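Enquirer: Need coordinates for the below:
(chains A, B, C and D)
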Number of protein chains: 2
Amino acid sequence: MPEFIYKKKLYYNPVEFAMDRIGGTWKIPILWRLKNKTFRYGELKNDIPHITHKMLSSQLKVLEEEGFINRVVYAAVPPKVEYSITERGLAAISVIEVIRNYGIHLMQEFGIDETIIRNIQ
Amino acid sequence: MPEFIYKKKLYYNPVEFAMDRIGGTWKIPILWRLKNKTFRYGELKNDIPHITHKMLSSQLKVLEEEGFINRVVYAAVPPKVEYSITERGLAAISVIEVIRNYGIHLMQEFGIDETIIRNIQ
DNA sequence: CTGTATCCTACTTGATACTG
DNA sequence: CAGTATCAAGTAGGATACAG
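Expert: Below is the predicted model:
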């Protein structure tokens, strides 16, 4: 029985486990931006196209709970909260880069317009 | 506008595109088994724990349609169908290996039982 | 043996509103 | 400015039945 449970979810292999930590639609755009810069909440919100308030908020929360990013609250009115990447987050970035390069390669194989590929963030 | 549409779905980055091709719960267990061996349908069904008939069938279909595996039908009664990996599928395997190693590393960091990690397929 | 279709459930995400 | 809660919609996946 090689499968296991983490946070009430059943996993069959390490790939699933990894992609639940760093995958999904929004975690990668978030980590990608924090790679070499600290962002305030509102800056991330403005910088990531299409992300909703709810998703940014919830994804930041789990990324912090699972140790991929730091959250620093400044006691001020209005509130100021800054997010930065951790060592664990940086380790994820190097895996993301591999998947990203592979994704670009696949997009070319699948005939996605070269203009789009060149402009992809 | 760096985003694009493929098969009626909107993508924001290459990682999403890649993970829609080779991700999900079942594609990786399937590709992983075809890595260095041809399987009949029923052999895959028996070898992959928990997979349902419907999911094996549908995932094999899209993996074939998108060029990651070959499907060979033998004209016999009862039917015999063999699946094998393609060059494109092999390229995916090397990315899967990277994610897989990272996943194992994360599982250790997150305190998953070492016995489970050692026995993971 | 292999493949497809239908129905149903659970989960993820978006829209919106409310809070300190 | 940042975070949470509620509700609705869409999608992935399981159970089951039927077909060649």
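Enquirer: switch to C-alpha atoms for all contacts and neighbour counts from now on
Expert: Fine.
Enquirer: count of residues packed around residue A:45?
Expert: The tally of other residues near residue A:45 (other C-alpha atoms under 10 Å in any protein chain shown) stands at 18.
Enquirer: so which strand or helix has it?
Expert: Using DSSP states H and E, residue A:45 sits within helix A:41-47.
Enquirer: cool, residue A:73 as well?
Expert: Using DSSP H and E, residue A:73 falls in strand A:69-74.
Enquirer: which residues in chain A form strands?
Expert: Listed in chain order, the strands of chain A (DSSP state E) span residues A:4-6, A:9-11, A:39-40, A:69-74, A:80-85.
Enquirer: for the strand holding residue A:73, packing partners?
Expert: If contacts are counted by 3 or more C-alpha pairs under 8 Å, 6 or more residues apart in numbering or on different chains; DSSP states H and E, strand A:69-74 sits against helix A:53-65, strand A:80-85.
Enquirer: Next, count neighbours for residue A:107.
Expert: As a measure of burial, residue A:107 has 19 neighbours, counting by other C-alpha under 10 Å.
Enquirer: Give the burial count for the residue in chain A that DNA strand D sits nearest to, as a bare number.
Expert: Across chain A, no residue is closer to DNA strand D than residue A:42, which sits at 3.1 Å (C-alpha to the nearest atom of the strand). Neighbours of residue A:42 under the rule other C-alpha under 10 Å: 13.
Enquirer: Quick check: residues of chain A near DNA strand D?
Expert: A:40-43, A:53-54, A:57-58, A:61, A:78-82 (C-alpha under 7 Å from any atom of the strand).
Enquirer: picking up where we left off before, could you dump the helices and strands packed on strand A:69-74 to a markdown table with mean pLDDT, distance to residue B:47 and mean neighbour count?
Expert: Shown next, in a markdown table, are the helices and strands packed on strand A:69-74 (pLDDT from 0 to 100; distance: least, C-alpha to C-alpha, whole Å; neighbours: other C-alpha atoms under 10 Å in any protein chain shown):
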| stretch | mean pLDDT | distance to residue B:47 | mean neighbour count |
| --- | --- | --- | --- |
| helix A:53-65 | 97 | 34 | 15 |
| strand A:80-85 | 97 | 40 | 18 |
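Enquirer: can you list these in a markdown table and add distance to residue B:19?
Expert: Listed next are the helices and strands packed on strand A:69-74 as a markdown table, based on distance: least, C-alpha to C-alpha, whole Å:
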| stretch | distance to residue B:19 |
| --- | --- |
| helix A:53-65 | 18 |
| strand A:80-85 | 23 |
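Enquirer: Out of the ones you listed, flag the one nearest residue B:5.
Expert: Nearest to residue B:5 among these is helix A:53-65 (21.2 Å), distances taken as C-alpha to C-alpha.
Enquirer: so residue A:11 touches residue A:20, yeah?
Expert: No. In this structure residue A:11 lies outside contact range of residue A:20 using C-alpha atoms under 8 Å: 9.7 Å.
Enquirer: Which one's more surrounded, the two?
Expert: Ranked by neighbour count (other C-alpha under 10 Å), residue A:11 and residue A:20 place residue A:11 first, with 16 against 13.
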